[in-house]
Structures are given as structure tokens and as C-alpha cells.
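Asks: this one's sequence-less:
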């Protein structure tokens with residue numbers, strides 16, 4: 001009888017841990033789902049296109065996305081690409097970004113999930129917390145400037161179904177994006 005009770009308690013803990021792990025995975029997947037797809041800039045001077053496509057890096061990270069940014073911003077040609085990795089951290093989602101500096105790499109490239117030392121060293125991340133129907137957060141500052149190849153030090157990020165808003169915290173410059181079909 002005692003063994004049965006101990007096994008039942010252990011099974012309950014394993015089941016509860018599985019539910020907690022699944023809910024964490026669901027939160028990372030939900031965040032990646034809000035970002036998946038093609039978004040177009042819809043603010044003046046913002047002719048950028050964001051393509052965020054699922055990419056299989058390894059079985060433990062089913063929510064990874066390959067990001068390609070192309071187009072023009074205030075008349076300048078822009079091309080950036082890299083991988084976004086999502087991981088649940090308590091009630092928040094950590095988003096890691098590893099850039100690809102080689103413009104020929106795409107989500108279909110054999111090297112899409114391989115990074116040079118310079119690319120890995122430029123990686124940065126930020127945390128998004130649940131807000132309304134989506135998530136919001138800020139980059140940590142200078143740590144993302146090299147990865148984004150930008151002199152903007154700190155961005156605020158808001159993600160809601162069908163929209164993304166990026167804002168330079170210092171100047172207030174805002175970039176808005178809308179998902180195709182919304």
C-alpha cells in the first residue's frame with residue numbers, strides 16, 4: 001500500500017512537471033506564433049519587410065524563427081538576417097537573436113543554423129512579458145547595437161496579433177509593422 005501511495009505521488013509530481021513544462025513551451029510557441037509570417041512597415045520612411053519563418057535548429061527548440069529584414073528605411077537599403085530563439089522564463093519569454101552577417105544566408109541555406117564566432121559573439125537577447133493580447137519588452141541597450149548594426153542603443157518592442165511596434169527609447173522614433181492579410 002505504501003509503495004502505491006509513493007508511486008501515485010511521484011506520478012502526480014511528474015504529471016504536474018509535465019504540465020508546467022508544456023505550458024512554458026506553449027508560451028514560447030505562442031510568442032513565436034505571433035511573430036511568424038510576413039510583416040510590412042506602415043510608418044513614413046519605413047519600406048521594410050520582415051519575414052519570420054519557422055526553422056528547425058534542434059528538437060528542444062521548436063519555436064525558433066529565421067528572421068529576414070529587407071527593403072528600404074528612409075531611403076537606405078537594408079538587409080539583415082538571423083535566428084530568433086524563444087525560451088520561457090517564468091511568466092516571461094526570453095528572445096535571443098543571433099545575426100548572420102553573410103547576406104547570402106537564408107532560412108533554406110544549409111548554414112542557416114551555423115554561426116561564425118563574430119556572429120555568435122554579437123548575439124543579444126531581451127525578455128518579453130505578457131501585455132494585453134501580446135507581449136512587450138525592451139532590448140538591454142548597447143548589447144544589441146552590434147547585432148542589429150545600428151547606433152540605436154535601446155528599443156522597446158510591442159507584439160500583438162498582426163502587429164509589431166519598435167521604438168527607439170531615447171528619441172521616440174517608431175517603426176510599425178503589420179502582418180500580411182490583417
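Replies: In hand now; what should we look at? Model, not experiment: these values are computed from the prediction. Residues are numbered from 1 along each chain as shown.
Asks: Quick one: the strands in this protein, in order.
Replies: Ranges of strands in the chain, per DSSP state E, are 37-41, 46-54, 65-73, 76-89, 92-100, 124-131, 134-139, 155-160, 163-168, 174-179.
Asks: Which strands or helices does the shortest one pack on?
Replies: If you count contacts as 3 or more Cβ pairs under 8 Å, 6 or more residues apart in numbering; DSSP states H and E, strand 37-41 packs onto strand 46-54, strand 174-179. Any C-beta I mention is one placed from the backbone N, CA and C, and that applies to glycine too.
Asks: Rounded mean pLDDT for it, please.
Replies: Per-residue pLDDT over strand 37-41 has a mean of 96.
Asks: Distance of residue 156 relative to residue 163?
Replies: Using Cβ to Cβ, to the nearest Å, residue 156 is found at 14 Å from residue 163.
Asks: Would you agree residue 174 is in contact with residue 164?
Replies: No: when contacts are counted by Cβ atoms under 8 Å, residue 174 is not listed as touching residue 164 (11.0 Å).
Asks: between these two, who's got more neighbours?
Replies: residue 164 (20 against 13; other Cβ atoms under 10 Å).
Asks: so who does the nearest residue to the more buried one once chain neighbours are set aside touch?
Replies: Counting by Cβ to Cβ, 6 or more residues apart in numbering, residue 164 lies nearest to residue 177, which is 4.3 Å off, once chain neighbours are set aside. Going by Cβ atoms under 8 Å, 6 or more residues apart in numbering, residue 177 touches 39-42, 46, 48, 50, 163-166.
Asks: one step back: give the residues shared as contacts by residue 174 and residue 164.
Replies: By Cβ under 8 Å, 6+ apart, no residue touches both residue 174 and residue 164.
Asks: ok, back up a step: for the residue nearest to residue 164, give the beta-bridge partners.
Replies: For residue 177, the beta-bridge partners are residue 41, residue 164 (DSSP bridges).
Asks: Just the pLDDT at residue 180, thanks.
Replies: Reading off the model, residue 180 has pLDDT 91.
Asks: Quick check: closest non-adjacent residue to it.
Replies: Residue 180 sits nearest to residue 38 (Cβ to Cβ, 6+ apart), 4.7 Å away.
Asks: How many residues are close by the one you found?
Replies: By other Cβ under 10 Å, neighbour count at residue 38 equals 15.
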